[in-house]
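Asker: Kindly return the folded structure for what I paste below:
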Amino acid sequence: MRHTWRWFGPKDRVSIDDMLQAGVQGVVTALHHVPTGTVWSPEEIARRQAELAVMADGAPSGLKWEVVESLPVSEAIKTQTGDWRTHVANWITSMRHLKDAGIEVICYNFMPVLDWTRTDLAWRRPNGARCMRFDFTDFAAFDIHILQRRGAAEDFPQEIREEAARRFAAMDDARREELAGNVVFGLPGAAEHFSLNDVRALLESYAPVTDAVLRRHFHDFLEQVVPVAQEIGVRLCCHPDDPPFGLLGLPRVMSTEADYAERMAAVDLPANGITLCSGSLGARPDNDLPGMMERLGDRVHFLHLRNVRRDSDAIRGSFFEDEHLGGQTDMVALVAAVLREEAKRRAAGRADATIPMRPDHGQDILDDIGRGGQPGYPAIGRLKGLAELRGVELALSHGARP
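Answerer: Numbers count the residues shown, from 1 in each chain. Take a look at the predicted model:
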């Protein structure tokens, strides 16, 4: 695996020097300041490459921008409204500019409205560490009583509705505001920061977009962008829904192995690939991560390795982000499946035999606490995760390669 690290640009509290000391080999980043739907210019791409190429004292870092995360797909594209055709054309132009700059792996997602959803961004663990958590009952309290989405109550079981009402009644104004802010936080570093009114308006825009409609729009998008990616040598890799089940009455089309298989078959070219995120997919008990890597591995272009612990075996339920080797995904079995896939690729002479991986998220530990970094992206917590994953990889591959 190629050990990479997500970086949110010069404002990131985790510096280039920190990344180097963690032992990373490449950088995953994006132009978060560029408005969604517009072109990523060669100049802006080159500026970001220059920013990560130097350490704080001006010495060369030796690091390169190797994976894009993410090149955003606009809501207009997902709903096929407004200037969606222009946005697709701009997305393709941005892809060409990235390839011209030597960047060949592009992660993106097709989640409506919010890129991820949590109810707690710094949930305290018994040992004092902090992590992100999705509490299904707290989310119901937000959806029904704070957002007051039409029809929200009908989307939750009776016992969840009753407990959500009790929790909401016990919340003071500060907690209600904190919960709302956590839920709509979305993707760290994204240009958009949604208010509740923004969320309500976006939800209304999705009223006619069913699961079937969103699938069709996704396939339309793939039919336009994948052949270009295949022609120019770019590997596209879609990130799964996070969490991988329905929320806010919105469609979900990238939550299961069957979803991935259907998307890959829609435009059956190697460039149409997968970001296998063990944390997002692992929030569903019916997703077999090692098995998915075995069965879909030839189209996995990017790996997010993290772990979650579910409160129950319900498809829709609560979970928190556990340590990388904790949680309910067998990370050793998953890494073993990755190494077997890489061996197959080397035997076949594939240029992409080494799959880029980043330690996804991490618990805030030690000096991470109070540092004010991006939620889920601490320095020390991720370094710990990377060290553990690197140890698993080394142990499994010991003696297998010269």
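
Asker: Show me where the stretch 201-350 of the chain has its helices.
Answerer: Ranges of helices in the stretch 201-350 of the chain, per DSSP state H, counting those that start in this stretch, are 211-232, 257-266, 278-282, 289-296, 331-348.

Asker: residues making contact with the fourth one?
Answerer: Just to be clear, that refers to helix 289-296. With contacts defined as C-beta atoms under 8 Å, 6 or more residues apart in numbering, helix 289-296 is touched by 257, 260-261, 264, 274, 276, 278, 281-282, 300, 329-330, 333-334, 336-338, 340-341. All C-beta spots, glycine's among them, are computed from the backbone N, C-alpha and C.

Asker: Buried ones among the residues you listed?
Answerer: Among the contacts of helix 289-296, those buried by neighbour count (16 or more other C-beta atoms under 10 Å) are 257, 260, 264, 274, 276, 278, 281-282, 300, 329-330, 333-334, 336-338, 341.

Asker: quick one, helices of the stretch 1-150 of the chain?
Answerer: Residue ranges of the helices in the stretch 1-150 of the chain, as given by DSSP H, counting those that start in this stretch, are 16-22, 42-51, 75-79, 84-100, 136-141.

Asker: As CSV, these with mean neighbour count would be great.
Answerer: Compiled in CSV, the helices of the stretch 1-150 of the chain are given as follows (neighbours: other C-beta atoms under 10 Å):
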stretch, mean neighbour count
helix 16-22, 18
helix 42-51, 15
helix 75-79, 22
helix 84-100, 18
helix 136-141, 24
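
Asker: Among those helices, which comes closest to Arg149?
Answerer: Arg149 lies closest to helix 136-141 among those, at 10.8 Å (C-beta to C-beta).

Asker: closest to Ile160 out of the helices of the stretch 1-150 of the chain?
Answerer: Closest to Ile160 of the helices of the stretch 1-150 of the chain, according to C-beta to C-beta: helix 136-141, at 5.1 Å.

Asker: Which other helices and strands does the closest one contact?
Answerer: helix 158-170, helix 173-183 (3 or more C-beta pairs under 8 Å, 6 or more residues apart in numbering; DSSP states H and E).

Asker: For the residue nearest in space to the middle of the chain, give its distance to Arg299.
Answerer: The chain has His239 as the residue nearest its centroid, 5.7 Å off, counting by C-alpha atoms, centre = their mean. According to C-beta to C-beta, to the nearest Å, His239 stands 14 Å off from Arg299.

Asker: same check, this time on Ala164
Answerer: Distance from Ala164 to Arg299, by C-beta to C-beta: 39 Å.

Asker: Which one's more surrounded, those two?
Answerer: Neighbour totals were compared for Ala164 and Arg299, and Ala164 leads with 23 against 20 (other C-beta atoms under 10 Å).

Asker: What degree of burial does Ala180 show, as a neighbour count?
Answerer: 17.

Asker: ok, it - contacts?
Answerer: Listed by C-beta under 8 Å, 6+ apart, the contact partners of Ala180 are Phe142, Ile146, Leu147, Leu196.

Asker: now the third one, nearest residue through space, not along the chain?
Answerer: If the residues on either side of it in the chain are set aside, Leu147 comes closest to Leu196, at 6.1 Å by C-beta to C-beta, 6 or more residues apart in numbering.

Asker: what does the least confident helix or strand in the chain by mean pLDDT contact?
Answerer: Every helix and strand of the chain was ranked by mean pLDDT, DSSP states H and E. The lowest is helix 196-205, at a mean of 87. Applying C-beta under 8 Å, 6+ apart, the external contacts of helix 196-205 come out as 75, 79, 81, 112-114, 146-147, 149, 180, 184, 194, 248-250.

Asker: now, among those residues, which is nearest to Glu69?
Answerer: Leu114 (16.3 Å).

Asker: pLDDT at that closest one, what is it?
Answerer: Per-residue pLDDT puts Leu114 at 85.

Asker: Tell me if I'm right that it and Val184 touch.
Answerer: Yes: using C-beta atoms under 8 Å, Leu114 is in contact with Val184, at 6.7 Å.

Asker: For Val392, pull up the helix or strand it's in.
Answerer: The secondary structure element spanning Val392 is helix 379-397 (assigned by DSSP states H and E).

Asker: Can I get that helix in PDB, CA atoms only?
Answerer: The C-alpha coordinates for helix 379-397 follow below in PDB (Å, rounded to 0.1, in the frame of the first residue of the first chain):
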ATOM      1  CA  ALA A 379      -2.200  14.600  14.000                       C
ATOM      2  CA  ILE A 380      -1.300  12.000  16.700                       C
ATOM      3  CA  GLY A 381      -4.500   9.900  16.400                       C
ATOM      4  CA  ARG A 382      -3.900   9.400  12.700                       C
ATOM      5  CA  LEU A 383      -0.200   8.800  13.300                       C
ATOM      6  CA  LYS A 384      -1.100   6.000  15.700                       C
ATOM      7  CA  GLY A 385      -3.500   4.500  13.200                       C
ATOM      8  CA  LEU A 386      -0.900   4.700  10.400                       C
ATOM      9  CA  ALA A 387       1.700   3.000  12.600                       C
ATOM     10  CA  GLU A 388      -0.700   0.200  13.500                       C
ATOM     11  CA  LEU A 389      -1.700  -0.300   9.900                       C
ATOM     12  CA  ARG A 390       1.900  -0.200   8.700                       C
ATOM     13  CA  GLY A 391       2.700  -2.800  11.300                       C
ATOM     14  CA  VAL A 392      -0.100  -5.100  10.100                       C
ATOM     15  CA  GLU A 393       1.000  -4.700   6.500                       C
ATOM     16  CA  LEU A 394       4.700  -5.400   7.400                       C
ATOM     17  CA  ALA A 395       3.800  -8.500   9.400                       C
ATOM     18  CA  LEU A 396       1.500  -9.900   6.700                       C
ATOM     19  CA  SER A 397       4.000  -9.300   3.900                       C
END
